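Asks: build me a structure from this.
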Amino acid sequence: MLIFTMTALADDGFREAVREQCLKSGTRLYIPHGGILALDGINDGRTVIDEIKITTTKAPRNLGLEDLATEGVIYDGPTRAACEVFPRNVNVHACIALCGIGFDRTHSIIVADPETTKMAHVIEVKGDGLEWRIEIAATAGSGVTGVYTPVSGINTVKRIVSQDYDIVLA
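Replies: As a prediction, the model looks like this:
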């Protein structure tokens, strides 16, 4: 199973039901990195990571806001609640929480900027002997997704189903 809406997995009961169904059917749940570069490093380092903060900046229309002049921080708190308030807009946050230190320990900030044409994410990670700052931006596609996300999704599917790899990203 390949899932693109990570915010649904903020619900512990639903996530456990998906896990149980995968175990029962002998399948796996694949999580594409979408627009999140370095997701593998966050996943690998989750036992030594102490803090993860994600700041996302999008135009109000891409956040589903009615007031298109809204500007500034519109959410600041745990990722689990961000998933409830903005289920279509924080899949990057949910994916990082799921693969990192969890929905309650990952900190989400969402900023509305009526002047931006980009969907930008700044991911700050701190832990035992590490400090990372990852900045990602993509042009807004249609609605809530950046233009790079479908490219990532297509290539994730190709990696999953392909039988002849020269190099395998694992």
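Asks: what strand or helix carries the residue lying closest to residue 123 once chain neighbours are set aside?
Replies: Nearest in space to residue 123, with sequence neighbours left out and distances taken as CB to CB, 6 or more residues apart in numbering, is residue 134 at 4.3 Å. For glycine as for every other residue, the C-beta is placed from the backbone atoms N, C-alpha and C. Assigning secondary structure by DSSP states H and E places residue 134 in strand 130-139.
Asks: what helices or strands is that strand leaning on?
Replies: With contacts taken as 3 or more CB pairs under 8 Å, 6 or more residues apart in numbering; DSSP states H and E, strand 130-139 sits against strand 118-127.
Asks: the strand it packs on pairs with which strands, parallel or anti?
Replies: strand 49-58 (antiparallel), strand 130-139 (antiparallel) (DSSP bridges).
Asks: pLDDT (mean, whole number) over stretch 105-118?
Replies: Averaged across stretch 105-118, the pLDDT comes to 96.
Asks: pull the CA atoms of that stretch into PDB?
Replies: C-alpha atoms of stretch 105-118 as PDB (Å, rounded to 0.1, in the frame of the first residue of the first chain):
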ATOM      1  CA  ARG A 105       7.000  15.700  19.900                       C
ATOM      2  CA  THR A 106       7.300  17.200  16.400                       C
ATOM      3  CA  HIS A 107       6.600  21.000  16.400                       C
ATOM      4  CA  SER A 108       4.700  22.500  13.500                       C
ATOM      5  CA  ILE A 109       4.500  26.200  12.500                       C
ATOM      6  CA  ILE A 110       2.300  27.200   9.600                       C
ATOM      7  CA  VAL A 111       2.600  30.600   8.100                       C
ATOM      8  CA  ALA A 112       0.300  32.300   5.600                       C
ATOM      9  CA  ASP A 113       1.900  34.600   3.100                       C
ATOM     10  CA  PRO A 114      -0.400  36.200   0.500                       C
ATOM     11  CA  GLU A 115       2.600  37.200  -1.600                       C
ATOM     12  CA  THR A 116       4.300  33.800  -2.100                       C
ATOM     13  CA  THR A 117       4.000  31.600  -5.100                       C
ATOM     14  CA  LYS A 118       6.000  28.800  -3.400                       C
END
